[in-house]
Structures are given as C-alpha cells and as structure tokens.
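Student: Sequence plus predicted model, see below.
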Amino acid sequence: MSTQKIALVTGGSRGLGRDMAINLAKKGIDVVLTYNSNKTEADKVVATIQSLGQKAIAFQLDAGNVKSFDAFLKDVTDHLKEKTGSPNFDFLINNAGTALYALVNDTTEAQVDEAFNIHYKGVFFLTQKALPYINEGGGIVNISSGLARFSFAGSSVYASMKSAVETLTRYLAKELGSRKIRANVVAPGAIETDFGGGHVRDNKEINDHVASITALGRVGLPDDIGGVVAFLCTEDAKWINGQRIEVSGGMML
Ligand code: NDP
C-alpha cells in the first residue's frame, strides 16, 4: 500500500481553504480540492501545489447539495483509483462555506435552510459518505469559527451551525476511534478573506475593531490558519483527537 498521504479539502479555491491546501502540500501531502463556481482560482491552486512537487486536482462541489455527493465522491475515488490503485484518501477537511449576517428578527426561513445545508447538513453527509474511503490512521478537520465561543449581533444562525459542527466533531472522534481516525475542529477568528464580501479585510472600521479586541493586535490572515490544519494531518498530531483548536490570535479573551 502507498504511504503517500492524500487530503480532500472543500472550498480550496480561495481564502482559508487555499492556504490549507498549499500548507498540506508543503507537508508532502497530495491534495484533492473543491471549488463551487470559481474554477479559474481552483486551477491556480492546483498549479501552485504541483510546483511544490505534490499532486493536486480540483473538482466542482456544491457543499449544500447533498444529492450531488454520491456522484462527486465517485468522480474523486475513480480518479484516485486510476492514479494510485486505491480509491482511498487520508484526510477530509470540511472548510467550504459562506457568510450569513442577519439579526434574529430579520432572518428568513430560506436563509436558515441555506446555512443549515452548507454548514451542517453538507458537512455531516459529506463526512458520512466519505468515511468508507478514509484510511485507518487518517483524520477529519472541520472548520468552525470563533463565533461559536463569542457573540456578534447578526451571526446567530451561522454561529449556531458552527457550534453544531463542533459537537458533531466530538461525536465523530468518539465513533471513529475504533478505525484510528481522528476528528478535530479548527475555529479561526476573523480572517482577511473574501468571506462575507471581504468586509473584515476591506472595511477599515471593522478591521480596526477586530484588531483592537485581539490580544496579538491585528486581524488574522489566511496564512495564520492553513499551517495549523496541515499540522493536524501529520504524525506529530497523532494524539490530538476530539479537540477544538481556536486560531484567533487571542480574540475576545
Ligand atoms: P472565502 O469566501 O474566502 O472562500 C470560500 C470557499 O468556499 C471558496 O473556495 C468557495 O468556492 C467555497 N464555497 C463557497 N460556497 C460553497 C458552496 N456552497 N459549496 C462548495 N464550496 C463553496 O471564505 P473563507 O476562506 O474565509 O472561509 C472558509 C471557511 O472558514 C468557512 O467555513 C468559514 O465559515 C470559515 N471561517 C471564516 C472566517 C473568516 O473570517 N474568513 C472566520 C471563521 C471561520 P468558490 O471559489 O468556487 O466560490
């Protein structure tokens, strides 16, 4: 059996997922990444990973459309079988996601359904359906948010889904231990990406405010996160299981 490790990263075309994919490659891990609509950016990440000497490929995935997951996983596992002789991979990084800002009073049923589909139901069923293909000794990293610990008005639904994913992760760790598969959560603080229209990055007032409530005195960058996720996919992290690791520079301590 090949000892080459392979990670599947959802939402690897931009932002945090892009940085995770590149940092995984820097650790010698091959990467299957997904994009939703931005194939051009996904192809650039694939090229970057290949220039680092690792294998990479991008597939389209709508993380909120559970009905598409069987066909998606068939494409991924057929590809891996053809290239490696086995359909299996080692790590699943559930990162893809979109922002939702709405006060409780203003939130619609459609917004709750969409957030639930992308941030919880999609994570649950992609994991369930991927599990038969995850090698013993592999792992799952789910991406939560600092907002599951502290509160900003307008994030009730989004943050609740992230809290649910944190609880799910603990249960995954409990149930998958017998297969030697670890499950952990990485919870970033506010990071400068395109997320939510890029307002944390582009709105000076918000950027300054986040910096002022962060012990290390600045807003997070994608590069602050990817290396932590990649670390969780190494042998050095082999005893970390069922944990929530907040990576926020000490936001709202
Ligand atoms: P970005 O908006 O920068 O990137 C989002 C990524 O997810 C892109 O690759 C995008 O693909 C993909 N994506 C978006 N919607 C879907 C969908 N419906 N199905 C599949 N893929 C999708 O966001 P970030 O990198 O900032 O966020 C990544 C994760 O980190 C999310 O889970 C987010 O909740 C979480 N997070 C972000 C924080 C932040 O401040 N940025 C803070 C805490 C957590 P495409 O390029 O094709 O659009």
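Tutor: Received it, and whenever you're ready, just let me know what you need.
Student: okay, CA-based contacts and neighbour counts for the rest of this
Tutor: Noted.
Student: and the residue nearest to the spatial centre of the chain, what does it touch?
Tutor: By C-alpha atoms, centre = their mean, the chain has its centre lying nearest to residue 95, at 1.8 Å. Residue 95 sits next to 9, 10, 11, 12, 16, 17, 142, 143 when contact means C-alpha atoms under 8 Å, 6 or more residues apart in numbering.
Student: again with residue 201
Tutor: Under the contact definition (C-alpha under 8 Å, 6+ apart), the residues listed for residue 201 are 191, 192, 193, 194, 207.
Student: check which helix or strand covers the third one.
Tutor: Think residue 193. When secondary structure is defined by DSSP states H and E, residue 193 falls outside every helix and strand.
Student: Against the ligand, how distant is it?
Tutor: According to C-alpha to the nearest ligand atom, to the nearest Å, residue 193 and the ligand sit 5 Å apart.
Student: Let me know the secondary structure of residue 157.
Tutor: helix (DSSP: H, G, I helix; E, B strand; the rest coil).
Student: Could you check how many residues crowd around it?
Tutor: 20 (other C-alpha atoms under 10 Å).
Student: which parts of the stretch 51-200 of the chain sit against the ligand?
Tutor: If contact is defined as C-alpha under 6 Å from any ligand atom, the residues of the stretch 51-200 of the chain in contact with the ligand are 61-64, 95-98, 118, 143-145, 188-195.
Student: at 8 Å instead, please
Tutor: Residues of the stretch 51-200 of the chain that fall close to the ligand, judged by C-alpha under 8 Å from any ligand atom: 60-65, 94-99, 118-119, 143-147, 158, 162, 187-198, 200.
Student: Which ChimeraX command selects the buried ones in these?
Tutor: In ChimeraX, a selection of the buried entries from these looks like this (16 or more other C-alpha atoms under 10 Å):
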select :60,61,62,63,64,94,95,96,97,118,119,143,144,145,146,147,158,162,187,188,189,190,191,192,193,194,195,200
